[in-house]
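A.B. asks: here you go, sequence then predicted model.
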Amino acid sequence: MEGLVLRVAPRLPGALRLAALRGVLWLSAAAGVVGLLALRRALAREARAVDRERAFLAGVTHELRTPLTTIRVLGETLAEGRGEPREYGSLVARESERLEALVERVLTLTRAEQVPRLGPVDPASSCARRWRS
């Protein structure tokens, strides 16, 4: 619209208003720096977690590969008609137990890393159940 002018009268004197604006600007800049530092810290923590996970997976993969290779070689040898079936069967059973133990350890570790989720509890209902039984 032509000729429309908006005039705002400052509530603070010029020098005081300018100082207040500078203060807000510096406070905003400081808050931004703190936010960036917090973000940097969070990203570094995430990177360390990813590195630990990769190392864990590499170790687990290696540990699982060894008994699997042994079982495969024993099975191929038996399929070719070579080797003592009882001895090789015993070795296959031992390597299978080793695999099972490894898998159980991995499952135990993953369960230990899970955070328990707590929910709301109604004391009246838990007391009522206790007295009914």
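C.D. replies: Sure, I can see it. Residues are numbered from 1 along each chain as shown.

A.B. asks: lowest-pLDDT helix or strand in this protein?
C.D. replies: Using mean pLDDT, DSSP states H and E, the weakest-scoring helix or strand in the chain turns out to be helix 123-132, at a mean of 63.

A.B. asks: pick out the residue closest to the middle of this structure.
C.D. replies: When the chain is reduced to its mean C-alpha position, the closest residue under Cα atoms, centre = their mean turns out to be A49, at 6.9 Å.

A.B. asks: that one and V60, how far apart?
C.D. replies: Noted for A49: a distance of 16 Å to V60, by Cβ to Cβ, to the nearest Å. All C-beta spots, glycine's among them, are computed from the backbone N, C-alpha and C.

A.B. asks: can you show me the helices along the chain?
C.D. replies: In chain order, the chain shows helices spanning 14-79, 85-113, 123-132, with DSSP state H as the criterion.

A.B. asks: pLDDT weak spots in this protein?
C.D. replies: In the predicted model of the chain, residues 1, 6, 8-13, 113-118, 126-133 satisfy pLDDT under 70.

A.B. asks: count of neighbours near E95?
C.D. replies: Here the neighbour count serves as a burial measure; for E95 (other Cβ atoms under 10 Å) it reads 19.

A.B. asks: same check on the one 10 residues further on?
C.D. replies: The local packing count at R105 equals 12, with neighbours defined by other Cβ under 10 Å.
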